[in-house]
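In: A structural model of the following input is requested.
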Amino acid sequence: MDYKVYDVLLSEYKDRMDMLSEALIRGNCPTIEEYRYICGQLRGLEAACATIVDLKKRTEEDFDE
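Out: Numbers count the residues shown, from 1 in each chain. Below you'll find the model as predicted:
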């Protein structure tokens, strides 16, 4: 099975996380609401990445058996 879709999703999400992190580091959040929004986006993307990694691992194990 081709697992490239997992890798593409992870790459896209990690790129987005890097962009959001950079915004926080540079102080590009003029309001507390924007800061909270970006933090929420980062938490959501981290959770999505963890889910994708887990799904990829389980899928590989299922097809390798």
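In: can you give me the buried ones in stretch 14-34?
Out: 17, 20, 23 (16 or more other CB atoms under 10 Å). The way it works is simple: take the backbone N, C-alpha and C, and place the C-beta from them, glycine included.
In: closest one to Phe63 out of the residues you listed, please.
Out: Comparing those against Phe63 with CB to CB places Met17 closest, at 28.3 Å.
In: quick one: contacts of the helix or strand that contains Arg16?
Out: Using DSSP states H and E, Arg16 sits in helix 4-25. For helix 4-25, contacts defined as CB atoms under 8 Å, 6 or more residues apart in numbering pick out 29, 35, 38-39, 41-42, 45-46, 48-49, 52-53, 55-56, 59.
In: chain center to that helix: distance?
Out: Counting by CA atoms, centre = their mean, to the nearest Å, helix 4-25 is centred 5 Å from the centre of its parent chain.
In: tell me the first helix or strand C-terminal of it.
Out: Proceeding N to C from helix 4-25, the next assigned helix or strand is helix 32-64, under DSSP H and E.
In: next, the angle from that next one to helix 4-25.
Out: 160 degrees (axes from the mean of the first three to the mean of the last three CA atoms, to 10 degrees).
In: what is helix 32-64 packed up against?
Out: Packing partners of helix 32-64 (3 or more CB pairs under 8 Å, 6 or more residues apart in numbering; DSSP states H and E): helix 4-25.
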